[in-house]
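**Student:** Provide a 3D model corresponding to the input given below.
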Amino acid sequence: MPSVINKAQQKRLKKLVERIKEIRTEKGMTLKDLAHTIGKDPQSISRVELGNSNPTFIYLTEICEGLGIEVSELVQGL
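**Tutor:** Have a look, this model is predicted:
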């Protein structure tokens with residue numbers, strides 16, 4: 001059974017995925033660059049950044065490693 005998230009959770013998820021894209025672009029990385037760095041396909045990263053996927057904690061740690069940041073930096077202020 002798929003999990004349904006409420007509006008508050010949707011809002012937090014939107015902020016999180018916007019932050020991922022913001023950091024990636026600040027670092028001059030494309031979706032393809034990040035995907036290659038962490039061994040994922042660009043479409044997977046795109047789904048996360050568009051908010052079409054609710055990434056697991058493990059996936060977030062992989063994204064952070066690829067961006068060269070700590071998870072705490074990603075979620076700071078959310």
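
**Student:** The helix ranked longest in the chain packs against which elements?
**Tutor:** Criterion DSSP state H: the longest helix present in the chain is helix 7-26. Contacts of helix 7-26 with other secondary structure elements, assessed using 3 or more CB pairs under 8 Å, 6 or more residues apart in numbering; DSSP states H and E, are made with helix 42-49, helix 57-67, helix 71-75. (Glycine included, C-beta is placed from N, CA and C.)

**Student:** Only C-alpha atoms, please: export the last one in CSV.
**Tutor:** Yep, that's helix 71-75 we're talking about. Taking Å, rounded to 0.1, in the frame of the first residue of the first chain, the C-alpha atoms of helix 71-75 are listed here in CSV:
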residue,chain,number,x,y,z
VAL,A,71,23.4,15.7,5.4
SER,A,72,23.1,18.4,8.2
GLU,A,73,24.0,21.1,5.6
LEU,A,74,21.3,19.8,3.3
VAL,A,75,18.6,19.9,6.0
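
**Student:** and it, which residues are buried?
**Tutor:** Within helix 71-75, the residues that qualify as buried are Leu74, counting by 16 or more other CB atoms under 10 Å.

**Student:** so Asn54 touches Lys14, yeah?
**Tutor:** No. In this structure, Asn54 is not within contact of Lys14 by CB atoms under 8 Å, at 11.0 Å.

**Student:** Mind checking which of the two has more residues around it?
**Tutor:** Asn54 (15 against 12; other CB atoms under 10 Å).

**Student:** mean confidence for the helix or strand just after the longest helix of the chain?
**Tutor:** Downstream of helix 7-26, the next assigned helix or strand under DSSP states H and E is helix 31-38. Confidence for helix 31-38, expressed as mean pLDDT, is 96.

**Student:** Could you list the residues in contact with helix 31-38?
**Tutor:** 24, 29, 41-42, 44-46, 49, 62-63, 65-67 (CB atoms under 8 Å, 6 or more residues apart in numbering).

**Student:** Many thanks, we can stop here.
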